[in-house]
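>>> What follows is a predicted structure for the sequence shown.
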Amino acid sequence: AQSVTQLGSHVSVSEGALVLLRCNYSSSVPPYLFWYVQYPNQGLQLLLKYTTGATLVKGINGFEAEFKKSETSFHLTKPSAHMSDAAEYFCAVSPSSDKIIFGKGTRLHILP
Amino acid sequence: DTGVSQNPRHKITKRGQNVTFRCDPISEHNRLYWYRQTLGQGPEFLTYFQNEAQLEKSRLLSDRFSAERPKGSFSTLEIQRTEQGDSAMYLCASSLWTDSSGNTIYFGEGSWLTVV
């Protein structure tokens, strides 16, 4: 069965500092991997996705993630945090174009 | 392209009543998904359609829940005899699934249900 583990339900970083949100997955087949962001009382917005090819994926708002098969990880990074990045972030896995399975989420807090 | 639209956005109902949510997907998207999200949790998969066919239902979808997509366009999610545990946000999403492009799912704003 496919699953996603997000390490840390809350992460705090200072404005301008590096953002690192951790995600590990399990999948019996080569997965598609996603990061979504959710602002309060809103739906989910796609940040980036990995399907095949280049393992470093660039997304919107300066975020990127690297697929590491050997570590079964897909961590999300951003070089410099902005106050507007405060939100809930969800890592997700989809086995071969099937439904998406989400992690429990990480709430990112930005400290002034 | 107006995105995935969900109605109503908020619904408060008394325990035991029936409620129905509607989802209008992005036009020409062949797949439509329903998820449920409670506070502090990630979205949980409920069911999905490819065109009008319901391809998978989660065990979370009890007999009180039914979803339809009669013409392969909009979908409805009905909850009968609501219980307080049904209080959650119900998210609809859609995608254009093809063999080669992968499956990027786009979400609506969600429908909040409060059962009192």
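Cool, the structure landed. All values derive from a computational prediction rather than experimental measurement.

>>> so what's residue 35 closest to, chain neighbours aside?
Let's take chain A. Closest residue in space to A:W35, ignoring its immediate chain neighbours: A:L47 at 4.3 Å, by C-beta to C-beta, 6 or more residues apart in numbering or on different chains. (Each C-beta comes from the backbone N, C-alpha and C, glycine too.)

>>> ah, no, chain B please
Nearest non-adjacent residue to B:Y35, counting by C-beta to C-beta, 6+ apart: B:P43, 3.9 Å away.

>>> Quick one: residues contacting that neighbour.
Residues near B:P43 by C-beta atoms under 8 Å, 6 or more residues apart in numbering or on different chains: A:44, A:90, A:102, B:35-37, B:91.

>>> ok, now how distant is it from B:Q17?
Between B:P43 and B:Q17 the distance, using C-beta to C-beta, to the nearest Å, works out to 24 Å.

>>> for B:S95, same thing?
B:S95 is 32 Å from B:Q17, where distance means C-beta to C-beta.

>>> Over to A:A65?
43 Å.

>>> number of nearby residues for the closest residue in space to A:L18 that isn't next to it in sequence?
Closest residue to A:L18 apart from its sequence neighbours, by C-beta to C-beta, 6+ apart: A:P79 at 6.1 Å. Using other C-beta atoms under 10 Å in any protein chain shown, the number of residues around A:P79 comes to 11.

>>> From what I see, A:P79 and A:A17 are in contact.
No. At 9.1 Å, A:P79 does not count as touching A:A17 under the criterion of C-beta atoms under 8 Å.

>>> tell me the phi and psi of A:I60?
phi -80, psi 160 (degrees, to the nearest 10).

>>> list the contacts for the residue nearest in space to the middle of chain A?
For chain A, the residue nearest the mean C-alpha position is A:W35 (3.6 Å; C-alpha atoms, centre = their mean). Neighbour list for A:W35: A:21, A:23, A:46-49, A:59, A:63, A:65, A:74, A:76, A:89-92 [criterion: C-beta under 8 Å, 6+ apart].

>>> Select from these the one having the most neighbours.
Using other C-beta under 10 Å as the neighbour test, these are led by A:C91, with 30 neighbours.
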